[in-house]
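Peer 1: Got a predicted structure here, sequence first:
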Amino acid sequence: MLIYTSAFFHWITLNHALSGLFCASLNFIDSTRTTRPVQTYEPVGDHSNTSLFSLHLLHGTLPREVVCTENLTPFLKLLPCKGKAGISSLLNGHKLFDASWQSMSIDVRPVCPEKNSLCIVEMEQTVDMVLDIERSKRPHGTITTLMSLCVTSKS
């Protein structure tokens, strides 16, 4: 139980850091909104066989928290072209927040490119939405198109 207490402390610290990064209320993810799905998911990321026994998968959610533009802007800024080019340019806030349902999530996992090398943390961002087709066809003034490719080699 002591190992889990340490993992939960790091979990809360991560939630507070992500809360500040995304201007979201993730700091409200506490023990009542955290689950430990032991048999549901396989370990993701790079882990040594010996470290798997001391790892904990924690999953938190805020089902009543409304996604808003204050959350979308920092989410887009983490992308290579910051929402100005590539597929992220299709994330129009007006369309997203006019949807019947929307969700934003982030998955964090360790990645070690080579054995005995320095590991990094990989974050996978996801935006889901359910559109009412008839409502989404209404004109909103401008049509968003994929105008340019995102060149990630820029500094």
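Peer 2: Nice, thanks for sending it over.
Peer 1: all contacts plus neighbour counts: C-alpha atoms, from now on.
Peer 2: Fine.
Peer 1: Bridged to the residue most central in space within the chain, which residues?
Peer 2: For the chain, the residue nearest the mean C-alpha position is I106 (1.6 Å; Cα atoms, centre = their mean). Beta-bridge pairing of I106 under DSSP bridges involves Q125.
Peer 1: ok, now which ones touch it?
Peer 2: 123-126 (Cα atoms under 8 Å, 6 or more residues apart in numbering).
Peer 1: which one of these is nearest N92?
Peer 2: T126 (14.5 Å; Cα to Cα).
Peer 1: ok, now how distant is the closest residue to that closest one other than its chain neighbours from R135?
Peer 2: Leaving out its chain neighbours, the residue that sits closest to T126 by Cα to Cα, 6 or more residues apart in numbering is S105, at 5.2 Å. Relative to R135, S105 is positioned 25 Å away (Cα to Cα, to the nearest Å).
Peer 1: do R109 as well
Peer 2: 37 Å.
Peer 1: which helix is the longest one in this protein?
Peer 2: If each helix of the chain is counted by residues according to DSSP state H, the longest one is helix 2-22.
Peer 1: in its sheet, what does the helix or strand following that one sit against?
Peer 2: As assigned by DSSP states H and E, the chain's next helix or strand after helix 2-22 is strand 34-35. With DSSP bridges as the test, strand 34-35 is paired with strand 59-60 (antiparallel).
Peer 1: following the strand it pairs with, which helix or strand comes up?
Peer 2: Past strand 59-60, the next helix or strand by DSSP H and E is helix 69-77.
Peer 1: average pLDDT across whichever helix or strand comes after that next one?
Peer 2: Toward the C-terminus, helix 69-77 is succeeded by helix 93-97 as the next helix or strand (DSSP H and E). Helix 93-97 comes out with an average pLDDT of 77.
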